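Enquirer: sequence? don't have it. structure:
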Ligand code: 6GU
């Protein structure tokens with residue numbers, strides 16, 4: 001996968017793309033990430049990338065020419081037409097399904113605007129507009145990093161354990177259940193007994209049940225669209241009954257007290 005990030009702040013990216021899993025993915029040549037400085041495509045002695053809005057109003061607007069010409073350059077560099085996504089709070093909401101969809105693109109261009117806004121004609125370049133949530137960032141760079149990180153995890157071979165992306169929260173529409181490591185007891189807090197038994201089938205069922213419990217408690221709306229098997233539905237019913245019983249007992253599921 002080839003990713004080009006068009007930005008006025010290329011310096012924001014190296015610490016993120018040269019660390020951890022994204023770094024390894026590049027070393028394994030599973031993804032190639034390049035930042036393209038929009039200022040390199042600006043004209044004139046001042047290399048202007050923004051201008052006053054027609055009709056007046058506050059703030060500056062990103063000019064169309066540097067962005068169009070940067071996309072032209074990427075097309076030439078690749079020799080193909082890449083899929084172009086524009087980062088904007090007005091875009092389609094980003095989620096795991098969209099991350100998977102983007103991970104399947106052979107070539108991806110992410111346009112990160114900055115300033116108060118961008119010239120409307122820049123939208124003509126994009127196959128898709130993407131937002132990472134209902135709040136406004138000072139620029140699309142952080143959003144581009146989020147989209148890149150979440151998408152790269154779905155590129156085959158990027159995650160060490162082949163199916164660990166499949167076990168993540170949201171991959172099957174459920175939140176991931178709790179996980180534990182050693183020690184088996186810490187400050188009186190115990191790892192659930194079942195995980196210490198080595199009974200793999202029981203452990204699998206327990207994990208599935210706890211994923212369902214966590215989803216029910218934190219994001220019940222996800223259960224309406226999750227892919228649940230007949231066994232999952234039985235587990236859900238058990239969980240509902242257990243939670244009702246806990247509530248009746250006034251169980252507030254133990255927040256750890258520091259003193
Ligand atoms: Cl993609 N860009 C900006 N500037 N703000 C955002 C966003 C994107 N998604 C949420 N807020």
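Expert: Sure, I can see it. Please read these numbers as outputs of a predicted model, since none were measured by experiment.
Enquirer: and the lengthiest strand in the chain, which strands flank it?
Expert: In the chain, taking DSSP state E as the definition, the longest strand is strand 83-93. With DSSP bridges as the test, strand 83-93 is paired with strand 107-112 (parallel), strand 128-131 (parallel).
Enquirer: just checking, next helix/strand downstream of the helix or strand bottoming out on mean pLDDT in the chain?
Expert: The least trusted helix or strand in the chain, going by mean pLDDT, DSSP states H and E, turns out to be helix 164-167, with a mean of 72. Downstream of helix 164-167, the next assigned helix or strand under DSSP states H and E is strand 185-186.
Enquirer: strands paired with the next helix or strand along the chain from that next one, and their directions?
Expert: As assigned by DSSP H and E, the chain's next helix or strand after strand 185-186 is strand 189-190. In the sheet, strand 189-190 lines up against strand 185-186 (antiparallel) (DSSP bridges).
Enquirer: just say which of the strands paired with strand 83-93 is most tucked in.
Expert: Ranked by mean neighbour count under mean count of other C-beta atoms under 10 Å, those are led by strand 107-112, which reaches a mean of 25. The C-beta positions use only the backbone N, C-alpha and C, and glycine is treated the same way.
Enquirer: ok, then the element right after it?
Expert: Later in the chain than strand 107-112, the nearest helix or strand by DSSP H and E is strand 117-118.
Enquirer: is the ligand contacted by that following strand?
Expert: No: Strand 117-118 lies out of reach of the ligand by C-beta under 6 Å from any ligand atom, never closer than 9.4 Å.
Enquirer: thought residue 141 was touching residue 114, still the case?
Expert: Yes: using C-beta atoms under 8 Å, residue 114 is in contact with residue 141, at 7.3 Å.
Enquirer: shared neighbours of the two, anything?
Expert: 7, 9 (C-beta atoms under 8 Å, 6 or more residues apart in numbering).
Enquirer: okay, now the domains of this protein?
Expert: 2-152, 169-249 (automatic domain parsing).
Enquirer: could you dump these into a markdown table and include distance to residue 160 and mean pLDDT?
Expert: As requested, the domains of the chain are arranged in a markdown table below (distance: least, C-beta to C-beta, whole Å; pLDDT from 0 to 100):
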| stretch | distance to residue 160 | mean pLDDT |
| --- | --- | --- |
| domain 2-152 | 8 | 96 |
| domain 169-249 | 16 | 96 |
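Enquirer: what's the most buried one of those?
Expert: For these, where neighbours mean mean count of other C-beta under 10 Å, the stretch averaging the most is domain 2-152, with a mean of 17.
Enquirer: quick one on the thing from earlier: is the longest strand of the chain anywhere near the ligand?
Expert: Yes: counting by C-beta under 6 Å from any ligand atom, the ligand has neighbours in strand 83-93: 87-89, 91.
Enquirer: in contact with residue 243, which residues are there?
Expert: Neighbouring residues of residue 243 by C-beta under 8 Å, 6+ apart: 213, 216-217.
Enquirer: how about residue 33?
Expert: With C-beta under 8 Å, 6+ apart, residue 33 has these contacts: 3, 5, 13, 17, 22, 26, 148.
Enquirer: spatially, which two of those are the most separated?
Expert: Based on C-beta to C-beta, the longest span within the contacts of residue 33 runs between 5 and 26 and measures 13.2 Å.
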